[in-house]
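> Here is my input; please provide its structure:
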Amino acid sequence: MGVAKEYFQALKNLLKIEMNEDAKIYEEELAKQSVQERKEVGITWYPLFIKSEYYGFAERLHIEVERKYEFDTPNLFYSGDKVRVFSNQQHSNTKEDFVDGYITASSGNQVTIQLMKDEAPDWLSDGKIGMDKMFDKHSYETMLSSLDFWASDDGVNKDALRLRDVILGEKNPSFNTKEHVTVPALLDASQQKAWLKAIQASDVAVIHGPPGTGKTTTIVEIVKTLVEKGERVLVCASSNAAVDVLTERIAKSNIPVVRLGNPSKITEQNLQYCLERQVVNHPQFSLVKELKKRAEEFFRMASKYKRNFDQEEREQRKAIIKEAKNLRGQSDDQLHFLQKSVLVKNQVVTCTPVVSMHREVGKEKFDTLIFDEAGQTLEPMCWIPIQKVKKVILVGDHLQLPPTVKSDEAAKKGLVMSLLEKLMPLESISEMLSIQYRMNEKIMQFPSNWFYENKLTAHEGNKHHQLDDNVIQFIDTAGTGYEEELLKSPYGICNTQEANLVLTILESILLEYPTESIGIISPYKLQVQYIRDQLKEKHINTSTIQVQTVDGFQGQEKDIIIISLVRSNDKQEIGFLKDLRRMNVAITRARKKLIVIGDSSTLSSSKFYTSFQEYIEQHNGYHSAWEYIT
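Numbering: from 1, shown residues only. Okay, the predicted model is just below:
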C-alpha cells in the first residue's frame, strides 16, 4: 500500500468512528428529551401551522410550515437540513406517526419541507404536528469522499499530487524567492514576514496567529496581492462566522468577492456579496424568474387533479408535469449560466469547506486556498477544498481551541490533531505573528510565556490601556465552602455560589464602568446557563454583557473578562480545566481587565494554574473571596 493510500485510509477509519459516535450521541439526546426540552435548544419546532401544500420536484409533496410562538428559542433549521415531521397526538415514534423530509427553503420562522412521500399522511391535517432536526451525514460524506480522492492517484492532476506529497512530507516545499514583490507598508514586521512567506510559497505555507496579532489583516493583504497577480483565490474557514468576517474585510479592501453558502447562515451585511444576491441583481435574471413562474403555474395545474383520477386525467396530468419540468430545466440552465458568470467575474470566493464542493462551484479551480481557523478544524475537513487548488496557506493557532472530536477513541488515535498542528514542525513553511493589538501587556505576558516562548510583544497602542491599576486579578474561593455541584449528568457541573460571587463582582463593575464591554466565560455550560438566568432574574441590563462558554468566545474580545472556573472539590479534580488551550483562549479575550475566580486549593494540582496564580500575585492581583462576601 502506498504512503498516501495508507495515510488517508487511516484518517478515513478515524472519521467513520467519529461519525458513528456523533450520530449515536445525537439520536440518544433526541430520544430522551421531551418536546419542550428540544424546543428550548432549538432542534424542534412545535406546534407547526401548515400554510400550503403542493407537488414539486420529482412529484414530491412539499409543505410550507410556520411557527407562531416561542420566537425567543434558537432557530437551527436551515435549507438542506434533514427533518422529521411528527404527529404529537401521542408522539409514539411509530412509523405511522412521522415522515422524513428535507428543508428546501428557510426564511425566519417559515420553512418549506420536501417530504419523502408521494402522499400526505392522514394525521398531517389534524393540526398537532411538529418537526425535529435530524442528524445529517452530509458533511461527513463530503469528507469521506475527499479522503478517497486523495488516497488514489487516479484523476488527481500533477499540481494536486505534488501538493499532497509536500503536505505528507514525501517532497520538500519550494519557494519562489526571485520574484520581485512590494511588501505592504501597513503590515508590521512579523506580518510582513508571514505575507512574504505566503506569497513566495509554491505549494504550502503556514501562518501561526496567536490571539490579537492581526491574522485577518494579514490574510486580506495576501488576498489583495494574489488578486493583483491575476490569481483566483478560494478563502475558507470552518465556521460561517469566520467566513463572514473575512468576506466583509476583503470587500472593504475593494476586492471583488462572492460569498457562497446558505443565505440564512450569512450575516445581513454580507448578503450583498452572496452568490444568490449577485445573481438576482444580474440584468438577465428576469428570464429565470419568468421561466420559474410558468413552471409553477403548470405544477399548480397538476396539483388540482384529485388523487383518484381516471386514465385520461392521469395522462393530462403527466403532460402538464412534463411541461413544468421542461420549463424548470430551462430555468435551472439559465440560473447556472448566471452563477458561472458571477463566479468568473469575482476572483475571490469565500465559503466553508463543504460548500466549496456544492454544485455551483464544484468544478471550479483556483490557484490558492487560504484556510483560516485551520488549528481548530478537523484535518479531513481541510482536505476538501485542497482538491481545488495548486497552493494552500493554512492560518490559525494550534495553541488555541483544538478541533471538536466527540469520540474518545478517535481523539486518542489522532483525529484531534489538526493539519496545521501536524505541519508546525516544518519551520521552513511557517511564520508566527508576534505583535498583538488587543491586550494590556500584563494580560498578555503570562500566555506569551507559557504558550508562545515569550515571543509576543504588545503594540504601543494597547500596551498600557487599562481601566485601573488592577489589570489582572485572581479571586480565590478556597476556604469559603463554595463547592461544585453535579447536576443531571457527569458533565453537568456548576458552582452556584461561585456564580453568585461573579454577579456580585459584575454589579460593582457595572457601577464603576457602565459603558465598557464585558464578557463572562466558564468552561461549563450549566454555569453559563445559571449566570444567564440570574441576570434575567435580577433584571441586570445585559446590553454590554455576553455570557458564553470558552468555545463561544473564540475570535471575540471584550474590555473586561470575568472567568468562572467552577471546580472546587477535595480530590483536586479539575476536569475540563486540564485543556490548557481553552484557558489560553479564555485569558486572551480581555483588552483592559481580566478577573479569574476559582479555588486555589483544587487548582493546585496543576502547574499551569499554580504558575498563573503566582504571576498574578507578582502584580498584586491576588484577592480572597472573603473580601467580597458580606
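> Have a look at this structure and report its longest helix.
helix 311-345 (DSSP state H).
> Show me what it is packed against.
On a contact count with 3 or more CB pairs under 8 Å, 6 or more residues apart in numbering; DSSP states H and E, helix 311-345 meets helix 275-280, helix 285-303. Quick note: C-beta positions are derived from backbone N, CA and C, even for glycine.
> The same query, at a cut-off of 10 Å, please.
strand 49-55, strand 257-259, helix 275-280, helix 285-303 (3 or more CB pairs under 10 Å, 6 or more residues apart in numbering; DSSP states H and E).
> Ramachandran coordinates for residue 144?
phi -60, psi -40 (degrees, to the nearest 10).
> hang on, isn't it packed against residue 9?
No. Contact criterion CB atoms under 10 Å: residue 144 and residue 9 do not qualify, at 11.1 Å.
> Please identify the pairing partners of the next helix or strand after the longest helix of the chain and their relative orientation?
For helix 311-345, the succeeding helix or strand toward the C-terminus, using DSSP states H and E, is strand 348-351. If you go by DSSP bridges, strand 348-351 pairs up with strand 233-237 (parallel), strand 257-259 (parallel).
> Render the CA-only coordinates of strand 348-351 in PDB, please.
The C-alpha trace of strand 348-351 is given here as PDB (Å, rounded to 0.1, in the frame of the first residue of the first chain):
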ATOM      1  CA  VAL A 348     -12.200  35.700  -4.800                       C
ATOM      2  CA  VAL A 349     -14.700  33.100  -3.400                       C
ATOM      3  CA  THR A 350     -15.400  32.700   0.300                       C
ATOM      4  CA  CYS A 351     -17.200  29.700   1.900                       C
END
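> Residue 129: which of the strands paired with strand 348-351 is closest?
Closest to residue 129 of the strands paired with strand 348-351, according to CB to CB: strand 257-259, at 34.6 Å.
> Now do that closest one: distance to the chain's middle.
With CA atoms, centre = their mean, to the nearest Å as the basis, strand 257-259 stands 18 Å off its chain's centre.
> Which of the helices and strands in this structure ranks last by mean pLDDT?
Here the helix or strand of the chain ranked lowest by mean pLDDT, DSSP states H and E is helix 285-303, holding a mean of 70.
> show me where pLDDT drops low in the stretch 201-350 of the chain?
264, 288, 291, 295, 297-299, 301-314, 323 (pLDDT under 70).
> Quickly compare the helices and strands packed on helix 311-345 and say which is most buried.
strand 257-259 (a mean of 27; mean count of other CB atoms under 10 Å).
> any residues touching it, and which ones?
With CB atoms under 10 Å, 6 or more residues apart in numbering as the test, strand 257-259 has contacts from 223, 227, 233, 235, 240, 243-244, 246-251, 266-267, 270-279, 339, 342-351, 355, 360-361.
> Could I get the full set of strands for the stretch 1-150 of the chain?
Secondary structure of the stretch 1-150 of the chain by DSSP state E, counting those that start in this stretch: the strands cover 44-45, 49-55, 61-66, 82-87, 98-107, 110-115, 129-133.
> Tell me which of the ones you listed sits nearest to residue 190.
Set against residue 190 and scored by CB to CB, the strands of the stretch 1-150 of the chain come closest in strand 98-107, at 42.6 Å.
> Quick check: nearest residue in space to the residue nearest the centre of the chain, chain neighbours excluded?
Geometric centre of the chain, nearest residue: residue 239, 2.5 Å, by CA atoms, centre = their mean. In this structure, residue 239 finds its nearest non-sequential neighbour in residue 373, 6.4 Å apart by CB to CB, 6 or more residues apart in numbering.
> could you list every residue that touches residue 246?
The contact partners of residue 246, taken as CB under 10 Å, 6+ apart, are 216, 219-220, 223, 235-237, 257, 259, 270, 348, 350, 370, 372-373, 395.
> try 8 Å
216, 219-220, 235, 237, 350, 372 (CB atoms under 8 Å, 6 or more residues apart in numbering).
> secondary structure element for it?
helix 240-252.
> How far does that helix sit from its chain's centre?
13 Å.
> would you put the C-alpha positions of the stretch of helix or strand residue 392 belongs to in CSV?
Taking DSSP H and E as the definition, one finds residue 392 inside strand 391-396. The C-alpha coordinates for strand 391-396 follow below in CSV (Å, rounded to 0.1, in the frame of the first residue of the first chain):
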residue,chain,number,x,y,z
LYS,A,391,-1.2,26.0,-3.3
VAL,A,392,-2.6,26.2,0.2
ILE,A,393,-2.0,28.7,3.0
LEU,A,394,-3.1,27.5,6.4
VAL,A,395,-3.8,30.2,9.0
GLY,A,396,-4.6,29.6,12.7
